[in-house]
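S.K.: Here is my input, please return the structure:
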Amino acid sequence: MKEWGAFKRQEMIETTIGLNIRVIPLFIFIPLIFAAFLFFGENRFTLFNVLLWMATLAAGLWTFWEPQKREPVNIIDSLRRWFYKGSRFDVWKLLVLAVFILSAFFHFYQLNQIPLNMTSDHTEKLLDINNVLQGQTQIFFSNNGGREPIQFYMAALFIKLFNTGLSFFTLKLTMTVAFLLSLFYVYRLGKELGSQWTGLFFMVLLGFSAWANIITRVGLRLVLAPVIIAPVLFYFFRGLRTSKRNDFILAGILTGLGLLGYSAFRVMPLVILAGMIIFMAYHKFRRINRNTWLGLGLLALFSLVMVLPLLRFAVDYPEVIGFRTITRMTSAERQLPGEVIQVFLSNFWNASLMPFWKDGSTWVISVPDRPALDVVSAGLYFMGLVLMVFRWLKSRRWQDLFLLVMIPILMMPSILALAFPEENPSLSRAGGALIPIFLICAIALETLLISLWKRSRHVVAQASVVLLGVGLLAFSAAQNFNLALVQYPDQYKRATWNTTQMGEVAKDFVAQGGDPNNVWVVGVPYWVDTRLVAISAGYVGMDYAIWPQDIAKGTLGIPGSKMFIVKADDVEGMNTLNNVYPQGTAILNTSEVLGQEFFAFVVP
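M.R.: Numbering: from 1, shown residues only. Just a heads-up that it's a prediction; the model follows:
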C-alpha cells in the first residue's frame, strides 16, 4: 500500500508575489472599468463598448502583468539546440498526439449525423445566432430561460469564416472544437498535479468519455463549463505553487470568460474560494498566505473585468438573469415537493451516485437511467476516491482535499434543482465535475499501474502491466464508443421527431421548382416544432405551421405549386386537404422509427 501514499509532488516555490505595479496605467485602468460598465447598457455589444472593454483589459494587463525574465539570446546556440531536439524521435510527443487524434476521432465521428434531429432548444439558439448575424448583438439572450453569449458569437464566427451555415452542424462543430482545444489544458492540469502520465491518462479518459462526448455533440453550450474549468484550475494550482501573479491574472480572465459561457459555471468562484481556504489552512495561515490574498485579489479583479457585460445586464435586469436559477431553487414556478433539507439531501445523494448508478432521465443529453461513467472509469473513480482520502489522511496534501471538495460544489447546479428534483442528476448542469472526476480516475490508473510495475521483476511481468493498462483503456474506449455513438443516437432518434427528414423533403420540393414560401406543416398537438422543419430545409426564421381549419383561407389564393407535410395518422388534416385540393397527391414518407411516418401532400 505504500505506493498509495506516494505521489508526484511539483516543487513548491517559497517566494512572494511582487507588489510592483505600473502607476500610470493604474490610473487609466480604474476609470476604464467604470466607463466600460456604464457603456454596456441596453443589453447590447457595440463596437465602441467592446473596444472600451478590450482597452480596460489591456490597461489592467499593462498595470499588473509581470514581465518574464529572459536570458540573453544566443542565436547560434538556439539553432543548435533546436536542430538537436528536432532531429530526435520524441516518442512521448507522438503518444500525446495519438491521444489527441483518438479524442478527435470520438468527437468528429459522424458529427453531422449524431445526434440527427434538433429540438426546440436548438431552434431558439439558431434564431438568436441569426439575429446576431443581422446585427442584433445581445449580451444576454433572455428567451428560452436565458443564455450567456459565448456560443452565439462563436457560431456566428464559424458561419462567417467557414460558411457552415445556420445549421445543427455549426452548433455541434463549435462545441467540438472548443472541447478539443481544452485538452491542451487537461493534459497540463494532470501534469501539474501529478506527472506526465497523469496528464496523458487524464486526457485519454476524458477525451473518449461518453459523458463529455454527448454534452459536446448535442451542441447546446453545455460543455463550456468543463472546457473553461480545466485552464482555470491549471493556472490556479500553478499560481498557488509558484506564486506567479501572471497565473492568477490568467485564471481570473478565464473565470470571467467562463461566466459568459454557461450558467453552471457560476459556482466556479465558490470552487476557487474553497481552494484558497484549504490552501491557507494547509499552510496554517503562515506568511505565505499573503501571496494567497494577493493572488485572490488579482483573480477577482480580472474576473470582474471580463464579466463586465454580464454584470451590467444583471444590474439592469436582475429578474431575467436569475430566472432559471430561481425557478429551480424556489417555489417561484412550482411548489417544492417537500422540506428543503430533505429534497437537498436526496438530490445530493442522487448526484453523488450519478457516476455509478443513474445519470438522470434527460434523453437529450444522456442515455437515461444508467451510470454516467463506463465500467472501467467508474471503477477507477471509486478507487481514486479511496486513494484521495487515504493519501490525504497520510500526507495532508491540500490538493487531494481540494479535488474531493470541488466535486459536490461543481455538481450544485444540478443538486439545487429543489423544485424539480426529477431534473437531478443532470449530466449538463453537473458537467463541470467532469474535470475533477476524470482527474481522479487518471490518478487512480497511474497509481495502479505504478504499483504493479514496481512489483514486476521480469520482462514478462512488466509486459503484462503494459497490456493491462492498454486493455483497460481499450475496454473503456469500446464501451464509451457504444454509449455515445450507438446507444445515445438510437434512443435520441426515437425520442425526437424526424424534422431533418421533413426538411429534406421540403428542400427537394424547392429544388424541383417549388417556392419555399409554399411549404406548410399541418399542425397537430404535441407533434413537430414547425420552425425546425423550415430550418432543416435551410430557411431560418420561417415557420411552416398551419392548422387544418386555416388551409383553405390561408393557401387557396397563393399561386404556384404547394406542399403540405401531414402526420400519417392525422385524419382531419388529410380530409381537409383532399377537400380543398382534390387534385393533390399524397406521398407517404416512411421512417426507421415506428409512428414517425408522414405524408407529403403535393399540389401541382
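
S.K.: Kindly check the end-to-end length of stretch 526-533 for me.
M.R.: 15 Å (Cα to Cα, to the nearest Å).

S.K.: got the contact list for residue 459?
M.R.: Listed by Cβ atoms under 8 Å, 6 or more residues apart in numbering, the contact set of residue 459 is empty. All C-beta atoms are positioned from the backbone trio N, CA, C, and that covers glycine.

S.K.: Where does pLDDT dip in the protein?
M.R.: Filtered on pLDDT under 70, the chain yields the residue ranges 1-18, 70-89, 285-289.

S.K.: For the most centrally placed residue in it, grab phi and psi.
M.R.: By Cα atoms, centre = their mean, the chain has its centre lying nearest to residue 223, at 0.8 Å. Dihedral angles of residue 223 (phi, psi; degrees, to the nearest 10) stand at phi -80, psi -10.

S.K.: Does it touch residue 213 like I think?
M.R.: No. Judged on Cβ atoms under 8 Å, residue 223 makes no contact with residue 213 at a distance of 9.3 Å.

S.K.: joint contacts of those two?
M.R.: With Cβ under 8 Å, 6+ apart applied, the contact sets of residue 223 and residue 213 do not overlap.

S.K.: Going along the chain, name the helices of the stretch 301-450 of the chain.
M.R.: Residue ranges of the helices in the stretch 301-450 of the chain, as given by DSSP state H, counting those that start in this stretch, are 308-316, 318-321, 323-329, 340-353, 375-395, 398-410, 412-415, 434-454.

S.K.: can I get the ones you listed in CSV with mean neighbour count and distance to residue 67?
M.R.: Conversion of the helices of the stretch 301-450 of the chain to CSV gives the following (neighbours: other Cβ atoms under 10 Å; distance: least, Cβ to Cβ, whole Å):
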stretch, mean neighbour count, distance to residue 67
helix 308-316, 19, 26
helix 318-321, 14, 38
helix 323-329, 17, 41
helix 340-353, 16, 45
helix 375-395, 18, 36
helix 398-410, 21, 29
helix 412-415, 25, 39
helix 434-454, 23, 31
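
S.K.: Nearest to residue 190, out of the ones you listed?
M.R.: Closest to residue 190 of those is helix 434-454 (Cβ to Cβ; 5.7 Å).

S.K.: Run the chain-centre distance for that closest one.
M.R.: Here the centre of mass of C-alpha atoms in helix 434-454, compared against the chain's by Cα atoms, centre = their mean, to the nearest Å, lies 24 Å away.

S.K.: Just after that helix, pick out the following helix or strand.
M.R.: Proceeding N to C from helix 434-454, the next assigned helix or strand is helix 459-482, under DSSP states H and E.

S.K.: Identify each buried residue in that following helix, please.
M.R.: Going by neighbour count (16 or more other Cβ atoms under 10 Å), the buried part of helix 459-482 is 465, 469, 472-473, 476-477, 479-481.

S.K.: May I have that helix as CSV, with CA atoms only?
M.R.: Output of helix 459-482 as CSV, limited to C-alpha atoms (Å, rounded to 0.1, in the frame of the first residue of the first chain):
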residue,chain,number,x,y,z
VAL,A,459,10.1,-8.6,-18.6
VAL,A,460,7.0,-10.8,-18.9
ALA,A,461,5.5,-9.3,-15.7
GLN,A,462,6.3,-5.7,-17.0
ALA,A,463,4.7,-6.5,-20.3
SER,A,464,1.7,-7.8,-18.5
VAL,A,465,1.3,-4.5,-16.7
VAL,A,466,1.5,-2.6,-20.0
LEU,A,467,-1.1,-4.9,-21.5
LEU,A,468,-3.3,-4.4,-18.5
GLY,A,469,-3.1,-0.6,-18.9
VAL,A,470,-3.8,-0.8,-22.7
GLY,A,471,-6.5,-3.4,-22.1
LEU,A,472,-8.3,-1.2,-19.5
LEU,A,473,-8.2,1.8,-21.8
ALA,A,474,-9.3,-0.2,-24.8
PHE,A,475,-12.2,-1.7,-23.0
SER,A,476,-13.2,1.7,-21.6
ALA,A,477,-12.9,3.3,-25.1
ALA,A,478,-15.1,0.5,-26.6
GLN,A,479,-17.8,0.9,-24.0
ASN,A,480,-17.8,4.7,-24.4
PHE,A,481,-18.0,4.4,-28.2
ASN,A,482,-21.0,2.2,-27.7
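
S.K.: residues in contact with the following helix or strand past that helix?
M.R.: Scanning forward in sequence from helix 459-482 by DSSP H and E, the next helix or strand is helix 488-495. With Cβ under 8 Å, 6+ apart as the contact definition, helix 488-495 has outside contacts at 113-117, 210, 214, 363-364, 366-368, 592-593.

S.K.: sorry, back to before: quick one: closest of the helices of the stretch 301-450 of the chain to residue 524.
M.R.: The minimum distance between residue 524 and the helices of the stretch 301-450 of the chain falls on helix 323-329, with 29.1 Å, by Cβ to Cβ.

S.K.: these two touch, right, residue 218 and residue 365?
M.R.: Yes. When contacts are counted by Cβ under 8 Å, residue 218 is listed as touching residue 365 (5.6 Å).

S.K.: More neighbours: those two, which one.
M.R.: When residue 218 and residue 365 are compared on other Cβ atoms under 10 Å, the one with more neighbours turns out to be residue 218, at 27 against 22.

S.K.: Quick one: residues contacting that one.
M.R.: Residue 218 sits next to 115, 172, 364-365 when contact means Cβ under 8 Å, 6+ apart.

S.K.: Likewise for residue 128?
M.R.: Contacts of residue 128 (Cβ under 8 Å, 6+ apart): 138, 141, 143, 147, 152.

S.K.: could the buried residues of helix 459-482 go into TSV alongside distance to residue 193?
M.R.: As requested, the buried residues of helix 459-482 are arranged in TSV below (distance: Cβ to Cβ, whole Å):
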residue	distance to residue 193
465	23
469	20
472	21
473	20
476	21
477	23
479	26
480	23
481	28
